[in-house]
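Asker: no FASTA, just this:
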């Protein structure tokens, strides 16, 4: 695989129910990873965009969290329905999706 243009990290951290920190895994991140994989496959982008499920990215209360490099931008509260917009706008057109960006105080 060639060096990717972008790398998307999706938190899939799980914790026991009732854990005070919460977890992205319990807020739908496994479906989010699948939505990204499906969208990248549909658009034939595997040679340009890398996708990795990862452990905790930090601000668990706002999850599911998605981190995009090389920009180092954190999105939070991301749902599967947001994936086509993130791919079209940020990953392909280099325009971050403002409504999904984590607030400055948490990132």
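Answerer: Here it is on my side, so go on. Because the structure is a prediction, the values reported are computed rather than measured.
Asker: which residues in this protein form strands?
Answerer: With strands called from DSSP state E, the chain shows them at 6-11, 49-54, 65-69, 73-76.
Asker: Columns mean neighbour count and distance to residue 42 on top of these, output as CSV?
Answerer: Every C-beta, even on glycine, is put in place using the N, C-alpha and C of the backbone. Listed next are those as CSV, based on neighbours: other CB atoms under 10 Å; distance: least, CB to CB, whole Å:
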stretch, mean neighbour count, distance to residue 42
strand 6-11, 22, 15
strand 49-54, 17, 12
strand 65-69, 22, 18
strand 73-76, 21, 20
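Asker: which intervals of the protein have sub-threshold pLDDT?
Answerer: Under the criterion pLDDT under 70, the flagged ranges of the chain are 1.
Asker: show me where it has helices.
Answerer: Listed in chain order, the helices found in the chain under DSSP state H are 29-43, 83-85.
Asker: Which elements pack onto the shortest one?
Answerer: Using 3 or more CB pairs under 8 Å, 6 or more residues apart in numbering; DSSP states H and E as the contact criterion, the elements in contact with helix 83-85 are helix 29-43.
Asker: wait, residue 47 sits on residue 3?
Answerer: No - contact between residue 47 and residue 3 fails when scored by CB atoms under 8 Å: they sit 10.2 Å apart.
Asker: Nothing else from me, thank you.
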